[in-house]
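A.B. asks: no sequence on this one, just coordinates:
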């Protein structure tokens, strides 16, 4: 590699391209291991390496040896708090999936223990989620009816849980968490909003005390079912439901106003359950019907701040939770954001809080479970509706509309798709639009014209800085990244059009474009078609008497230019490190038609 | 919008974001109308506008009024030359599609006339193509057998042609030619090579004079059929075939060595047909079996140099050719590159050459057609094989391997997919890999560390220029484009990892990273998730006592930062126009902890 200075003309580096192994290893690492997780294993002592490896794969060996009683006090309190949330959520969400409520309670016993062993996060709390329960119930319900064949239905739920666990573990091992990154915040906002809306509408069955309803889960059918069965509406049920709902919303309001009182809204669902049970026992006798909900959006953990959480490792932990859970009467679990937030606020220090919750749940199952059979459906419906209200993030949607309209459409696609068609269609539609945006970007990378900011040697976009001065006879275009197959035609047509426009403008003034500088400082990568396009464009321009120069090609681009010998076609003397250098040379060329001094490159 | 100078510190522009209509119109134009085709209509005189519009949509009205006899001489010669190619190609390729050879001749009568009226290119020659003929035959042959039900089969071929025409016209009208741009050169090279290989192997049936063969079109089945039926091999046929083949390849060799003798290789197929007919007539009596081929890669026209051809308009012309052609006994036609090249070399000046070819073909059909029924199958097989050899571009594949390994894999995926599975699977596989590459790019935009080139104020990639100097205490990272949902996690983890690595490096020296500058000059666009990621990263870094500054945000990025109020969270005083300015401020801050003078922005 040769680069040295002559005068004040700084030299471009024309390196021998790195070997394929080097670039491939580097690219693979950037794509799949951006956080370099195995760095810590490179210890001098092989025994220490082994210890580090074990601690990496089974995190409990990392935090448990350093555990003390002071931590335990915090974890104990947090564990009890999230148990009070786990009981009503467990029995509520299980009914969303049309399975016996006790399964919902079991699911807060074994999976938290698994997470405590294999999980990375200090604050994550394990439990079931509404959207997954709904989706599971919907999917299995399409093939087997929960009423007619409850045993088969339940077994299929467990099988689905098991297979989900296999997928999660595989994705985590293969570092394919990259696929999850294609879910944008907009998609999640719309998906959650749509799911929450759907679930709220379904809870109206419990609120109104309806016996007949629909198995379909889109807005139109649900509203129709409510209206059609209006003669079955029980006003008493609705009144009680509204009272519970108002109470729950009020405790949330308290939490927003005084964050220290978060525990009030945390135990509120438990209070509702207890009050409901007592009320029902005193008033009516037995009333069954218990439903559960949860959102297994696997990225919730990523929102935890200031924690370096390995997404792929978490996915393995969740996968193991579901695999082992499916053998122990637990259905789909993950780390719901709401429960995790409660856990965090309650002061949890380690994953021990999950172990505490598991123990409390075991005690509940042994001693208290029969009592919960008195919980009236209306109480659970109120709990679910209150939880779902918080997920309909209309503020975020409005913010999206103001800032980025395409993202708003992505969000709305998920919302309406989920609400009016089905959950999987809504998700696919939204993700599809996101991917389309990414592809359109690759097909149309922005090109802008540069001008010099007065009294400086800075060159900036003339659209952004209209007072920037253009050099007469020289057109400077900053090409966008990447220069791939999809953008080749566009680049060619756009550059030629720019020349035409400049010729028209300058035609009146008398200046003709004689030089064109392509600023490649923003182009991080190029493929074969892109290189051929550059060659074509250059040939077309040179045929019109316009000289072409390249400014600041980046590392990968330079390597490909050299490997394809295109750098020789362009001419190393036409490659510059800065726009200033290129313009200086162009001026000399415009004045005297001699080539500027150039650097010798070995 | 306010920007002015204080001292030597140039000011960043914080504009009022442009209205949604403005940006949407601008983006739509860039995406669908990059060549601004309707500019020419904006004339002052509305009658002139109308005239221009008519000339735009029906190009014959543009070149015909200026036509003269001198041009006609060239077009006449070119037209006759391409007719001599159209006849053997027409009858050969029709058999590839398992339809009567006369259809192949018809297809060089009506479609060229349509193209002459609606087409844009001066040199394009219309005809049938091998790959499309094969694909058509394969697709229709899957549902209807050409032997058992020839009438229905033929009608389905015409219907497929019609529908193709509808699609092409629609795509052209809706300016959706952008979809075609997702076919990279690598995909086309592999696809053509695989198709050519397949067709060559199939021609061995004709070469060896086999009666029994296979209807399948993958390499394994074809080779198996040849070997299994080896007792049917006729050595006489093979010898004649090889002689023809050698002759044809020799004429191509002549063309390569002496380009002026291109016409030799152009009329060679006609010679082979005539010789074959005479030979067959003298030796054997009637021998039928005629096959045709052509490549309907709709991008061939785009390779014509120095021509401003509107891809979407061409697609409309091709669509009309196929729609009208399907009603006049013509099957799928387009502008094959080989024939176009011959037309160009023969000196064609306008699309009149296509009209000449149509007239010549009409004369041929009226006077000479019966003679061609004597053409032996082996002659046509030799013609096809010779044409196909030229399409197996192993040099390009090798060049790809050297320059861009991913592109090489894309090429090989098309080649092996077409050869061993089927044409559509091969194409989809290859395009799928190309799209995957585009998505991986969006998910992993390159970030590099910048350092100052000694004796200058240029900041460049330290990997590319290892002698670049790093400022102590300041880390400068150049972010890649775009900052979308898919790359958010990556950017966050990668930035944090960079900080860790810098801390480790500097830990020994005593310098700690106190400032981080994000150079956004390469980032042309950002979405909501990206903005939220920037906010998150900044919050994480500030929590560690690292000050964050942004350098040179581009127009769209700045607009979104302002619309989302994130610019206020970051602080306008932390946004700089150049790295130099940012470092100056950081130095003042490092020295005195005061904020640098900043520009007042209204």
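C.D. replies: Structure received. Values in this document were obtained by computation on a predicted structure and should not be read as measured data. Numbering: from 1, shown residues only, chains lettered A, B, ... in the order given.
A.B. asks: using the three-state scheme, assign the closest residue to residue A:396 other than its chain neighbours.
C.D. replies: Using Cβ to Cβ, 6 or more residues apart in numbering or on different chains and skipping the chain neighbours, the partner closest in space to residue A:396 is residue A:189 (5.0 Å). C-beta: built from backbone N, CA, C; applies to glycine. Three-state call for residue A:189 (DSSP: H, G, I helix; E, B strand; the rest coil): helix.
A.B. asks: could you pull out the helices in the stretch 301-450 of chain A for me?
C.D. replies: Secondary structure of the stretch 301-450 of chain A (DSSP state H, counting those that start in this stretch): helices at A:311-326, A:337-345, A:352-367, A:369-372, A:377-389, A:394-403, A:405-420, A:423-443.
A.B. asks: quick one: the closest residue to chain B within the stretch 151-300 of chain A from residue B:484, how far?
C.D. replies: In the stretch 151-300 of chain A, the residue found nearest to chain B is residue A:184; the distance is 3.1 Å by Cβ to the nearest Cβ. According to Cβ to Cβ, to the nearest Å, residue A:184 and residue B:484 sit 8 Å apart.
A.B. asks: shared neighbours of the two, which are they?
C.D. replies: B:527, B:529 (Cβ atoms under 8 Å, 6 or more residues apart in numbering or on different chains).
A.B. asks: low-confidence ranges in the stretch 401-550 of chain A?
C.D. replies: A:506-511 (pLDDT under 70).
A.B. asks: closest point of it to chain B, which residue?
C.D. replies: residue A:485 (3.1 Å).
A.B. asks: so what's the residue count around that residue?
C.D. replies: 29 (other Cβ atoms under 10 Å in any protein chain shown).
A.B. asks: contacts only, for it.
C.D. replies: Residue A:485 touches A:527, A:529, A:530, B:181, B:182, B:183, B:184, B:185, B:186, B:187, B:434, counting by Cβ under 8 Å, 6+ apart.
A.B. asks: rebuild those residues as TSV, extending it with neighbour count, distance to residue A:34 and secondary structure.
C.D. replies: What follows is the contacts of residue A:485, written out as TSV (neighbours: other Cβ atoms under 10 Å in any protein chain shown; distance: Cβ to Cβ, whole Å; DSSP: H, G, I helix; E, B strand; the rest coil):
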residue	neighbour count	distance to residue A:34	secondary structure
A:527	28	22	coil
A:529	25	27	helix
A:530	26	25	helix
B:181	20	30	helix
B:182	17	27	helix
B:183	21	31	coil
B:184	28	27	coil
B:185	24	31	helix
B:186	29	27	helix
B:187	27	29	helix
B:434	26	23	helix
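A.B. asks: residues from the stretch 501-602 of chain A in reach of chain B?
C.D. replies: A:521-522, A:524-525, A:527-529, A:531-532, A:536, A:539-540, A:543, A:552, A:554-556, A:558, A:560, A:563-564, A:577-578 (Cβ under 8 Å from any Cβ of the partner chain).
A.B. asks: buried subset of the residues you listed as a ChimeraX selection?
C.D. replies: Typed into ChimeraX, the line below selects the buried ones among these, using 16 or more other Cβ atoms under 10 Å in any protein chain shown:
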select /A:521,522,524,525,527,528,529,531,532,536,540,552,554,555,556,558,560,563,564,577,578
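A.B. asks: deepest of the helices of the stretch 301-450 of chain A, which one?
C.D. replies: helix A:377-389 (a mean of 26; mean count of other Cβ atoms under 10 Å in any protein chain shown).
A.B. asks: which neighbouring elements make contact with that helix?
C.D. replies: helix A:69-96, helix A:130-141, helix A:185-208, helix A:235-257, helix A:262-283 (3 or more Cβ pairs under 8 Å, 6 or more residues apart in numbering or on different chains; DSSP states H and E).
A.B. asks: near chain B, which residues of the stretch 51-200 of chain A?
C.D. replies: So far as Cβ under 8 Å from any Cβ goes, the stretch 51-200 of chain A lies against chain B at A:178, A:181, A:182, A:183, A:184, A:185, A:186, A:187.
A.B. asks: ok, residue A:244 to residue A:254 distance?
C.D. replies: Note on residue A:244: its distance to residue A:254, by Cβ to Cβ, is 16 Å.
A.B. asks: rewinding a little: any chance of the contacts of residue A:485 in CSV with distance to residue A:446 as columns?
C.D. replies: Conversion of those to CSV gives the following (distance: Cβ to Cβ, whole Å):
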residue, distance to residue A:446
A:527, 18
A:529, 19
A:530, 15
B:181, 16
B:182, 19
B:183, 23
B:184, 21
B:185, 23
B:186, 25
B:187, 25
B:434, 21
